[in-house]
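A.B. asks: below is the sequence, then the predicted model.
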Amino acid sequence: MRHNPVSYLIRCACIAILTLAACSSVKILVNGGEKQVKREPRPTQGGPYVLIFAFDGAGYDQLMEAINSGKAPAMAAMLGKDEGGGLYEHAYSAPNAISILPSTTVAAWSSIFTGAPPAQTGVTGNEWFVREEMKFYAPVPVSVEEMDDNHAMITDNLVGRQLKVPTLFQQAGVRSAVSMNMVYRGADYFTIIDPTDMVSLFTEFVTGKGQHSSGKRDIYQKMDEDSVPKLLDSMEAHGVPNIQVVYFPGIDLYTHLAPDALPMEVKYLETVTDPLVAKVLDAYRTRGILDQTSVLVIADHGHTPVLKDPHHALGADSSAGPAAVVQAAGFRPRKLVLNPGKDEQDYQSVFAYQGAIAYVYLADRSTCPDPGMTCDWKRPPRYKEDVLPVARAFYNSNKNGQPVPAMKDTLDLVFARVPTPSGQLTHEYKIFDGHRLVPIWEYLLFHPRPDLVQLNRRMRWLSSGPYGNRAGDVLLLSRSGLDHPIQNRYYFSAPYHSWHGSASMQDSHIPLIVARQNYPSTKLEQLVKGIGGDEPSQLALVPIVRSLLASEPPAAPAATPVNSGSAQSTTPAAKSQ
Ligand SMILES: [Zn+2]
């Protein structure tokens with residue numbers, strides 16, 4: 001076995017299961033076994049059941065490679081025979097499903113489990129700045145190292161409290177349980193491994209320091225493995241919930257650090273994830289409810305290998321790179337810390353990093369011209385005096401190395417827009433072409449970019465809405481994607497082996513699978529296509545789940561013998577239903 005016996009013994013004891021009910025401010029008690037908090041959970045209703053496997057960072061190609069390899073038998077059996085075009089014997093796997101932008105963890109899971117785009121959820125990334133509060137949020141820190149918000153994400157519902165729209169668990173109104181995922185507001189039960197262990201894993205990951213930062217996978221594997229007994233215990237104690245989310249964060253954390261990122265992710269999916277899927281499916285099977293259970297698989301984003309060095313990690317040095325650009329444009333940048341000190345409040349610009357994307361928030365500098373003055377962040381920046389100089393400085397640095405040589409040829413596109421006052425719907429981002437702002441659709445007409453998947457639609461989702469200003473006033477998209485040689489790929493963070501966040505196919509193409517045993521898979525295809533069309537996005541998950549819960553399921557074919565070649569004879573009947 002790959003368990004480190006010492007750490008296994010240290011870690012084995014803790015279960016933190018609790019009832020979250022509607023109270024979002026409930027603190028999770030750690031090391032406390034099972035904890036029920038506040039009001040009674042919703043009653044058990046019997047089927048239908050929806051089981052959602054949420055794989056962090058498992059790109060479409062990597063997951064399908066694992067499933068097709070013959071080394072992931074549980075997932076392969078869940079889908080059954082491949083019938084072409086995404087249709088399987090027991091499943092429909094959307095061939096063209098995509099993520100929101102940024103293709104980054106916290107924003108993506110927030111959109112997946114609310115059905116709303118970032119400009120409506122208010123959660124626009126792994127970290128973001130709320131200018132009206134003059135406050136930086138970093139549930140998964142990228143530009144900062146403090147782990148306070150990460151801890152609050154796990155133990156104090158930080159992401160749920162920031163979401164401006166109801167979650168799936170609130171919308172569906174049925175008993176729901178979430179294992180590990182940061183979006184658990186409105187669920188009845190939330191199960192996690194010891195939060196202290198979880199935060200320390202994230203800490204090693206964020207700081208790049210510690211024994212596991214070199215890409216050893218045992219610790220991430222153990223996090224995923226330890227989470228499953230917790231959720232099964234909860235199920236045993238309270239019955240099977242109508243919605244169960246099974247989230248595996250270890251896939252993503254490991255892939256960021258794995259030297260040969262994509263093949264090593266496939267191996268992880270085969271050898272770690274698949275046996276865990278088998279365990280969970282077995283729990284449904286032994287209770288005799290697998291046939292009443294729709295099983296979904298979804299991911300937040302894929303992964304693109306990058307070079308792990310400070311030259312390609314644009315956020316590695318807090319005084320060079322992007323910070324030097326805004327300084328050259330005459331702005332005082334905010335220190336890259338979660339909470340700047342009392343004497344560090346005079347900043348005029350703020351960065352929030354999302355891997356291949358960076359948000360730049362700008363102040364109206366007329367409110368704080370001199371060092372030591374605090375800007376009025378409730379006001380939007382001025383377009384000509386504040387936004388344009390920064391957009392131009394990034395554009396020129398990228399094009400000709402002026403004023404900042406280190407940024408030359410690192411960016412793909414610079415986005416900006418005319419700011420709107422807080423509380424108003426924001427304008428969608430446009431592309432700065434060196435002279436003016438060009439609508440994305442118009443720019444693409446003259447500069448076709450099929451490598452940037454559905455750029456116009458996804459940038460509108462990110463930037464246009466009541467919370468669109470949480471994606472900054474200037475947005476930078478780094479050069480990225482498998483189309484570029486690895487030495488030409490850049491990202492905003494400390495150095496890693498792999499990143500995501502961009503609009504490229506590799507980062508954006510995600511699995512979206514709906515499976516059900518003894519059920520016509522063509523019905524599943526109709527359902528997914530009816531809701532999400534031919535290119536469904538992550539926003540389709542909530543309506544798909546609600547539809548699966550609401551519809552009276554067609555009767556399963558009557559007692560067909562297993563392994564008798566019956567699939568052939570049942571298919572026409574099934575299709576006619
Ligand atoms: Zn992720």
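C.D. replies: That came in fine, so what should we check first? Numbering: from 1, shown residues only.
A.B. asks: drop to CA atoms for contacts and neighbour counts, all remaining ones
C.D. replies: OK.
A.B. asks: and the residue of this structure closest to the ion?
C.D. replies: Going by Cα to the ion, the ion is nearest to residue 105 of the chain, at 3.6 Å.
A.B. asks: quick check, that residue in contact with residue 299.
C.D. replies: No - in this structure, residue 105 is not within contact of residue 299 by Cα atoms under 8 Å, at 9.2 Å.
A.B. asks: look at the two and report which has more neighbours.
C.D. replies: residue 299 (29 against 23; other Cα atoms under 10 Å).
A.B. asks: hmm, residue 55 and the more buried one touching each other?
C.D. replies: Yes - using Cα under 8 Å, residue 299 is in contact with residue 55, at 4.8 Å.
A.B. asks: identify the contacts common to residue 105 and residue 299.
C.D. replies: Residues touching both residue 105 and residue 299 (Cα atoms under 8 Å, 6 or more residues apart in numbering): 56-57.
A.B. asks: please list the residues of the stretch 1-150 of the chain that sit near the ion.
C.D. replies: By the rule Cα under 5 Å from the ion, the part of the stretch 1-150 of the chain lying against the ion is 56-57, 105.
A.B. asks: same deal with the chain?
C.D. replies: Residues of the chain that fall close to the ion, judged by Cα under 5 Å from the ion: 56-57, 105.
A.B. asks: just those: which are in helices?
C.D. replies: Within the residues of the chain next to the ion, residues falling in helices by DSSP state H are residue 105.
A.B. asks: could the residues of the chain next to the ion go into JSON lines alongside pLDDT and distance to residue 258?
C.D. replies: As requested, the residues of the chain next to the ion are exported to JSON lines (pLDDT from 0 to 100; distance: Cα to Cα, whole Å):
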{"residue": "56", "pLDDT": "97", "distance to residue 258": "15"}
{"residue": "57", "pLDDT": "96", "distance to residue 258": "13"}
{"residue": "105", "pLDDT": "97", "distance to residue 258": "18"}
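A.B. asks: least trustworthy helix or strand in this protein by mean pLDDT?
C.D. replies: Every helix and strand of the chain was ranked by mean pLDDT, DSSP states H and E. The lowest is helix 5-11, at a mean of 27.
A.B. asks: thinking residue 140 is in contact with residue 128, fair?
C.D. replies: No - the criterion here is Cα under 8 Å, and residue 140 misses it with residue 128 at 10.2 Å.
A.B. asks: part of a helix, is residue 228?
C.D. replies: Yes - under DSSP: H, G, I helix; E, B strand; the rest coil, residue 228 falls within a helix.
A.B. asks: residues contacting it?
C.D. replies: So residue 228 contacts 179, 246, 276, 279-280 (Cα under 8 Å, 6+ apart).
A.B. asks: same check, this time on residue 101
C.D. replies: Contact analysis of residue 101 by Cα under 8 Å, 6+ apart lists 108, 458-459, 461-462, 501-503.
A.B. asks: Serialize these to CSV and add fields for pLDDT and neighbour count.
C.D. replies: As requested, the contacts of residue 101 are exported to CSV (pLDDT from 0 to 100; neighbours: other Cα atoms under 10 Å):
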residue, pLDDT, neighbour count
108, 98, 29
458, 98, 19
459, 98, 22
461, 98, 19
462, 98, 28
501, 96, 33
502, 96, 32
503, 96, 27
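A.B. asks: quick check, nearest of those to residue 161?
C.D. replies: Residue 161 lies nearest to residue 108 out of the contacts of residue 101, by Cα to Cα, at 16.1 Å.
A.B. asks: look at that closest one and give its secondary structure.
C.D. replies: helix.
A.B. asks: that one touches residue 300, doesn't it?
C.D. replies: Yes - counting by Cα under 8 Å, residue 108 touches residue 300, with 5.3 Å between them.
A.B. asks: touching both of the two, which residues are there?
C.D. replies: Jointly contacting residue 108 and residue 300 under the rule Cα under 8 Å, 6+ apart are 99, 538.
A.B. asks: give me the more crowded residue out of residue 140 and residue 128.
C.D. replies: Each of residue 140 and residue 128 has its neighbours counted (other Cα under 10 Å); residue 128 has more, 28 against 25.
A.B. asks: next, the contact list for the more buried one, please.
C.D. replies: Counted by Cα under 8 Å, 6+ apart, residue 128 has contacts 136-138, 352-353, 359, 470-471.
A.B. asks: one more time with 6 Å, if that's ok
C.D. replies: 136-137, 352 (Cα atoms under 6 Å, 6 or more residues apart in numbering).
A.B. asks: that one pairs with what?
C.D. replies: Counting by DSSP bridges, residue 128 is bridged to residue 137.
A.B. asks: leaving out the residues flanking it, which one is nearest to residue 226?
C.D. replies: Closest residue to residue 226 apart from its sequence neighbours, by Cα to Cα, 6 or more residues apart in numbering: residue 193 at 6.5 Å.
A.B. asks: okay, now the one you found: neighbour count?
C.D. replies: Using other Cα under 10 Å, residue 193 is surrounded by 28 other residues.
A.B. asks: how near is it to residue 530?
C.D. replies: Going from residue 193 to residue 530 by Cα to Cα, to the nearest Å gives 38 Å.
A.B. asks: same thing with residue 285?
C.D. replies: With distances taken as Cα to Cα, residue 285 is found 29 Å from residue 530.
A.B. asks: residue 375 too?
C.D. replies: Counting by Cα to Cα - residue 375 and residue 530 are separated by 49 Å.
A.B. asks: and the two? Which one has more around it.
C.D. replies: Using other Cα under 10 Å, the more surrounded residue of residue 375 and residue 530 is residue 375, with 22 against 13.
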